[in-house]
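Colleague: Quick one: sequence and predicted model below, then my questions.
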Amino acid sequence: MPAAKAQAIFRDLMLVDADPVADAAALERIALWALTVYSPIVAVDGMDGIVMDTEGADHLQGGEEPMLTGIVNRFRSRALTARVAIADTWGAAHAGARAIGRETVIVPRGETVRAVEKLPLSLLRLPEKIVGDLRTLGFQTIGELANTPRAPLALRFGPEIGRRLDQMFGRMSEPIVSVRAPEWIEVSRAFAEPIGAAETINKYVGRLVVQLVGELQRQGLGVRRTDLLVEKVDGTRQAIRAGTAKPARDVAWLTKLFKDRTEKIEPGFGIEKLTLIAVMTQPLNEEQRASALVQEEVTDITPLVDILGNRGQRVYRVAPVASDVPERCVQRIEPAADEVGQTWVHHWKRPVRLLDQPDRIAVIALTPDHPPRSITWRGRRHNVKRADGPERIFGEWWKRDSELEAVRDYYVVENEVGERFWVYRSGDGVDPETGDRQWYIHGIFA
């Protein structure tokens, strides 16, 4: 609508001039970031989106659903809203991400037609002129257009409508030309005659690894994430991603990581080009090997971490965080990361098992300072025979304004059979500003 009309409706409306050039640059930066994190094949999709081919890489994120949730959460942490869709084709995913009312959607394999048939024509990636003319003729949805004979449409509008429909339904391939950062190290091998045998693929992958490692060594770098792009004769692409827990440029080890997964390559009518790209690198200095006269026993578990990680397992370490709030005093770090240099310092014992989220319980207790006489958790009542506490924990008011006056009173309670639980009351039991006086169980002792 006109700016004057919008300002008349919303008195304090702030208008900012559009900057398409800056928007396009920001979108390309997001695409490069997504390529290093989620997929070896990423491209800008229109003016407001990116498209990724995650086949062969989603296992590194724990699967499709955890990957989608992780994408949304990462954008939300930057105060951005994202709509993410997974489908069999670029066209179906493009339409799904822009049509859904929720944050994520997964279109099951083979369900593309059912998923898009009721969507508007504007999501078919056709020129606005063609979409307007089709609406004038009475077409409103993609399904209506797909069920119409092609010949009259091609005679009037040309081949574009048929091409977009075939791409959306997977009848025509639509390769994604991935973005590339100029500083990335890349080696490739094109073939005069297409290859397809597993032994041949592994042979040339090994040669590419040798070339890549040579270039990494000249620049003093080690690779953390490497992508193998497979370009086929029919124009389609397939990608394999391998990651390492720490910077590496060992030819034998990098070759093994890819050979363990090359059986997933489907050559089809043949492969015409292989490309190996070092997507994520870090400085790596030469290390002096131990003397042959002195046998030093060094335990290095990073090869095991690499194998598990490339099979889709999420490998991490737990490290302490300087926080009095129990659920915030741990963090996940990379398995090969340096020590954080912090330790847990508590004057009171902590349970061996801490619940992900405190669980609500029913309690009989005298307020404000007496421990529970009985607790009911998940339908089971526990009579308290022994108790210790309270241990008062204050909120982190310097991080969150809402915790300025918040407190928790923790108790260790033991039932008649010797089971011990870590429970707390929200608030000091007197001032309602400190908490709602509800009771929760937060941990279980051995």
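Modeller: Here it is on my side, so go on. Numbering: from 1, shown residues only.
Colleague: how near is the residue nearest to F191 when sequence neighbours are not counted to V230?
Modeller: Leaving aside its sequence neighbours, F191 sits nearest to E272 (C-beta to C-beta, 6 or more residues apart in numbering; 5.6 Å). Glycine gets a C-beta too; all of them are placed from N, C-alpha and C. E272 sits 9 Å away from V230, taking C-beta to C-beta, to the nearest Å as the criterion.
Colleague: which of those two has more neighbours?
Modeller: Neighbours per residue (other C-beta atoms under 10 Å) separate E272 from V230, with V230 holding more: 22 against 17.
Colleague: Sticking with the more buried one, tell me its helix or strand.
Modeller: Counting by DSSP states H and E, the element that carries V230 is strand 221-232.
Colleague: Buried residues, the following helix or strand past that strand. List them.
Modeller: Downstream of strand 221-232, the next assigned helix or strand under DSSP H and E is strand 237-248. Neighbour counts over strand 237-248 (16 or more other C-beta atoms under 10 Å) mark R237, Q238, A239, I240, R241, A242, G243, T244, A245, K246, P247, A248 as buried.
Colleague: Identify each buried residue in the helix or strand containing I277, please.
Modeller: Per DSSP H and E: I277 is located in strand 271-283. Using 16+ other C-beta under 10 Å as the burial criterion, the residues of strand 271-283 that qualify are I271, E272, K273, L274, T275, L276, I277, A278, V279, M280, T281.
Colleague: Closest to L354 out of those residues?
Modeller: Among those, M280 lies closest to L354 (C-beta to C-beta), at 32.6 Å.
Colleague: What distance do you get for the residue nearest to F191 to Q167?
Modeller: 22 Å.
Colleague: those strands in the stretch 251-400 of the chain, which residues are they?
Modeller: Along the stretch 251-400 of the chain, counting by DSSP state E, counting those that start in this stretch, strands occupy 271-283, 317-320, 330-333, 353-365, 372-377, 380-394.
Colleague: what do you get for the stretch 101-250 of the chain?
Modeller: 104-106, 185-195, 221-232, 237-248.
Colleague: any idea which of these scores lowest on pLDDT?
Modeller: For the strands of the stretch 101-250 of the chain, the weakest mean pLDDT is recorded on strand 237-248, namely a mean of 86.
Colleague: quick one, that strand and strand 271-283 angle?
Modeller: Inter-element angle recorded for strand 237-248 and strand 271-283: 30 degrees (by axes from the mean of the first three to the mean of the last three C-alpha atoms, to 10 degrees).
Colleague: gap between strand 237-248 and the chain center?
Modeller: Chain-centre distance of strand 237-248: 16 Å, with C-alpha atoms, centre = their mean, to the nearest Å.
Colleague: which regions of this protein sit below the pLDDT cut-off?
Modeller: 56, 286-299, 312, 345-346 (pLDDT under 70).
Colleague: longest helix anywhere in it?
Modeller: helix 198-218 (DSSP state H).
Colleague: helices and strands around that helix, which ones?
Modeller: strand 185-195, strand 221-232, helix 251-259, strand 271-283 (3 or more C-beta pairs under 8 Å, 6 or more residues apart in numbering; DSSP states H and E).
Colleague: any chance of these in CSV, with distance to G62 too?
Modeller: Shown next, in CSV, are the helices and strands packed on helix 198-218 (distance: least, C-beta to C-beta, whole Å):
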stretch, distance to G62
strand 185-195, 28
strand 221-232, 17
helix 251-259, 19
strand 271-283, 19
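Colleague: I'd like to know which of the ones you listed lies nearest to G70.
Modeller: strand 221-232 (16.2 Å).
Colleague: got the CA coordinates for that closest one in PDB?
Modeller: Extracted in PDB, the C-alpha atoms of strand 221-232 (Å, rounded to 0.1, in the frame of the first residue of the first chain):
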ATOM      1  CA  LEU A 221      46.400 -25.600   6.900                       C
ATOM      2  CA  GLY A 222      44.500 -28.600   8.100                       C
ATOM      3  CA  VAL A 223      41.000 -29.500   7.000                       C
ATOM      4  CA  ARG A 224      38.000 -30.000   9.300                       C
ATOM      5  CA  ARG A 225      35.300 -30.400   6.700                       C
ATOM      6  CA  THR A 226      35.700 -31.700   3.100                       C
ATOM      7  CA  ASP A 227      33.100 -32.100   0.400                       C
ATOM      8  CA  LEU A 228      33.200 -34.500  -2.600                       C
ATOM      9  CA  LEU A 229      31.000 -33.300  -5.400                       C
ATOM     10  CA  VAL A 230      30.000 -35.900  -8.000                       C
ATOM     11  CA  GLU A 231      28.700 -34.500 -11.400                       C
ATOM     12  CA  LYS A 232      27.000 -37.000 -13.600                       C
END
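Colleague: now the closest residue to G429 other than its chain neighbours: how far from A3?
Modeller: Closest residue to G429 in three dimensions, ignoring its sequence neighbours and counting by C-beta to C-beta, 6+ apart: P368, at 3.0 Å. In this view, P368 and A3 are 58 Å apart by C-beta to C-beta.
Colleague: just the buried residues of strand 237-248 now: which is nearest W377?
Modeller: A245 (39.3 Å).
Colleague: wait, doesn't that closest one sit right on G309?
Modeller: Yes. Taking contacts as C-beta atoms under 8 Å, A245 lies within contact range of G309: 6.9 Å.
Colleague: Mind listing the shared neighbours of the two?
Modeller: V315 (C-beta atoms under 8 Å, 6 or more residues apart in numbering).
Colleague: buried stuff in stretch 199-216?
Modeller: I201, N202, V205, G206, L208, V209, Q211, L212, V213, L216.
Colleague: could I get those as TSV with distance to L404?
Modeller: TSV is the format used below for the buried residues of stretch 199-216 (distance: C-beta to C-beta, whole Å):
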residue	distance to L404
I201	62
N202	62
V205	58
G206	61
L208	58
V209	56
Q211	59
L212	54
V213	55
L216	51
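Colleague: Many thanks, have a good one.
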